[in-house]
Every structure is written in structure tokens, then in C-alpha cells.
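**Student:** quick one, what's the 3D model for this:
(one chain, ligands or ions: 1)
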Amino acid sequence: MRPGFTVHARAGAARAGRLVTAHGVVETPAFMPVGTYGTVKAMTPEELESLGAQIILGNTFHLMLRPGAKIIAAHGGLHRFMHWTHPILTDSGGFQVFSLKSLRRISEEGVWFRSPVDGREVRLTPEDSMEVQLALRSDIAMALDDCTAYPATEAEARASMERSMRWAVRSHAHYYRPAAQEPAGGLFGIVQGGMHMPLRLASLDALLRLEWPGLAVGGLAVGESEQERLGVLESLVPQMPAGLPRYLMGVGRPEDIVAAVLCGIDLFDCVMPTRHARNGHLFTASGVINIRNSAFAADLSPVDASCDCYTCRNFTRAYLRHLDRCNEILGSRLNTIHNLHFYIALMRALRAAIAAGTLGEWARQFLAARRDRGAVA
Ligand SMILES: [Zn+2]
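**Tutor:** Presented below is the predicted three-dimensional model:
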């Protein structure tokens, strides 16, 4: 079924909404933990559920290389393969291919790359990406796009954006091809155009010639400054259809998410909470702490006294630092539980503030608390 979206509360440009998919409802603004290889690292699906995760992201690039779409399709799709019964969004694989740089060549047809797993040459066209995502039976699939490098000249950004738009048309045509079975989900288009506003608006115009159940903003979180990113969002988002969910790909730090929600973004994904957890970087209301710091060796307090996650209710900073130093696997698990709880609680607080009409004041206090500490990662 195609995802449906309704907005039930607004605060300025920010909205609280409900995204309905075949695998359930996502209350927005929402954060999607990243499950690259069919697992959100170190978490069981039941743990994700108890943390309040509503939707997760799967990486098409990684899953097509290992174990391959066929094995996942033989399970009936990614939900059954990984035992996750709630919504899944899959990316197109484009971003990872473009991150390979030296390992790829691009043509109008698609992109060829050497598999980082076994060195064989692999092709990824818009049609290939749709085939894999259809086999994964994701609730939300993403069009294949050409990820514009940063920085890019106007001419480079234009050529890249125009290719993305041609690929969006091909992605759409293949995903919804008339002879095929109705897809399990819906396909989102991706606005590109780099930091160049006329190109961003041209990209949006091109996408809106087709019907999408949602739109994403791509090509951000690629090295641009916070001012550049906010500049794009503040100009672009008001032009996006109010009735469609808006997904900001790959962003980001808690303060970046708050700023983007204030601009009217509804969906987020980022590896930061899970990756940081495994590196001992833990999010708190006043900034990020590094649990490896010797200052925590005898610290009997929880990671964050204001946090009610399983980790903070039961373990001290000294214990978490000890687990990390001894390379104990439980350390990664407890850190991940805390960091995901932090992000999911942040989204819950944002939704509540939008509904209560207190978002402006809430955001001001949140951002001030993190700035005072000066430890923003
Ligand atoms: Zn906690």
C-alpha cells in the first residue's frame, strides 16, 4: 500500500503528523535508526520496539551485496528476514556508491562499481535499485539519485541534479510499472541541486510532475556549513507540498534535527546515535560525553541523570567506562540503548511541544542547554 500522511498539529513551519504504512503508523517528526545490514547494530527487534522505534532504515547497497536480494526475497522480504514487524524505509544505494569515489564510473544508464566485499563489478541503475527495493518489500523505497558532491559549481550541481531527475522518472516508471504486482510500499522522490536554490526549486518542480507519497531532501549533511544547510531548508521546505511527508536524509546531530523540525521536516535518519555509542560517545541533555575519558573512572552517576532508559536506570558511568576499556560487548549494547533512547525521546518531546504549542520555547531551552555545555559533538 502507498503510505498516507496527515498533519494534525502545526507550530510555525513545524508539523506533527501520522504516516500510515502497511506495517503500521509512524508519528512524525520521527527518527529512523539505521539498520545497515538488516540489523540495527547490537539491538534485537524487541529492544528497538521497547525503545519506541517506529520505523527503521535499511541500506539497499549493503543488502544487495550481502546476502543479496534473492535470499531476502526468499524470506518474504526484509521484515521477515530480520524479524521487524514495523515500517522499514530503504535507501536507493546511490549514496553509498557515490561515497566509493575511486571505485565507480557513472553513465546515463547508471553506475558501475567494484564490490568492496569481493571486488566483482556491480551495476546499479534506477531499475536495478527498484528491483532490489521491491524484493526487500520496504514500506518506503527511495528513487536512485546522483549525489552531488560538495562543494560543486553551479554547472556541476545542475548536471548532477538533471541526471537525478531523469533517474527519478525511470525509478518511478519501474517501481510502479503497470504489468507488475502492486508494490508493498511507496516510492519517495529526492530533491537535489546542491547549495544552489534555483536548482533546488527546479528539482522540486521536475519531481512534482509525477505523483509521490513523500519527498526527501538529499545532498545535505555532505560537508556544508550549518548556515548553508539551514539556508537550503528555509527556502526549499516552504515550497514543498504541505500534504506530503518530508524526509531530510542523513541528518544528524540533535540540534540539527531540532533546527530542521522548525523548518518543517518530518523524517530523519542518521548513523550518529548507534555509531557514536560503539565509540563511547553518549548524548546527554547538556551535550556529548566520551565515556572513555578517565574522569569517569570512579563516577557513580548515570550517563544522564534526567534519562530514564534501561542503561541510566541501572548502570553507572564508571561501569560503562569499565566495559568499554575491557572491550566487553555489553558496553556497545548499553551505550546503543541510551543513545537511541535519547534520539527517540527527543522526537517524542518535539511532537509533544508541537501539539502543545510550546515548540518555540522548548527549542530555545534545548539549544541553550547544549550550547552552555560547549561539548556539542
Ligand atoms: Zn539513558
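
**Student:** can you tell me the helix or strand for residue 95?
**Tutor:** Assigned by DSSP states H and E, residue 95 falls within helix 94-100.

**Student:** for the residue nearest to the spatial centre of the chain, what are its contacts?
**Tutor:** Taking Cα atoms, centre = their mean, the centroid of the chain lies closest to residue 269, which sits 1.7 Å from it. Residues counted as contacts of residue 269 (Cβ atoms under 8 Å, 6 or more residues apart in numbering) are 31, 32, 33, 34, 57, 89, 247, 249, 250. Heads up, the C-betas are built off the backbone N, CA and C, glycines and all.

**Student:** how much space is there between the second one and residue 286?
**Tutor:** By that I understand residue 32. Going from residue 32 to residue 286 by Cβ to Cβ, to the nearest Å gives 25 Å.

**Student:** higher neighbour count, these two?
**Tutor:** residue 32 (24 against 16; other Cβ atoms under 10 Å).

**Student:** next SSE downstream of the biggest helix by length in the chain?
**Tutor:** Determined from DSSP state H, the single longest helix within the chain is helix 329-356. Next in sequence after helix 329-356, counting helices and strands by DSSP H and E, comes helix 359-373.

**Student:** now that next one: mean pLDDT?
**Tutor:** The average pLDDT within helix 359-373 is 88.

**Student:** give me the helices and strands touching that helix, please.
**Tutor:** Packing partners of helix 359-373 (3 or more Cβ pairs under 8 Å, 6 or more residues apart in numbering; DSSP states H and E): helix 254-263, helix 329-356.

**Student:** which intervals of the protein have sub-threshold pLDDT?
**Tutor:** The chain contains residues with pLDDT under 70 at 372-377.

**Student:** of the contacts of residue 269, which is the nearest to residue 174?
**Tutor:** residue 89 (18.2 Å; Cβ to Cβ).

**Student:** what is the burial count for the closest one?
**Tutor:** Neighbours of residue 89 (other Cβ under 10 Å): 27.

**Student:** for it, phi and psi?
**Tutor:** The phi/psi pair for residue 89 (degrees, to the nearest 10) reads phi -110, psi 140.

**Student:** for it, give me its contacts.
**Tutor:** 32, 55-58, 138-142, 247, 267, 269.

**Student:** which among the residues you listed count as buried?
**Tutor:** The neighbour count (16 or more other Cβ atoms under 10 Å) marks 32, 55-58, 138-142, 247, 267, 269 as buried among the contacts of residue 89.

**Student:** now secondary structure and distance to the ion too, for those residues, in a markdown table please.
**Tutor:** As requested, the buried ones among the contacts of residue 89 are arranged in a markdown table below (DSSP: H, G, I helix; E, B strand; the rest coil; distance: Cβ to the ion, whole Å):
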| residue | secondary structure | distance to the ion |
| --- | --- | --- |
| 32 | strand | 20 |
| 55 | coil | 21 |
| 56 | strand | 20 |
| 57 | strand | 22 |
| 58 | strand | 26 |
| 138 | coil | 30 |
| 139 | coil | 29 |
| 140 | strand | 29 |
| 141 | strand | 33 |
| 142 | strand | 31 |
| 247 | strand | 27 |
| 267 | strand | 24 |
| 269 | strand | 21 |
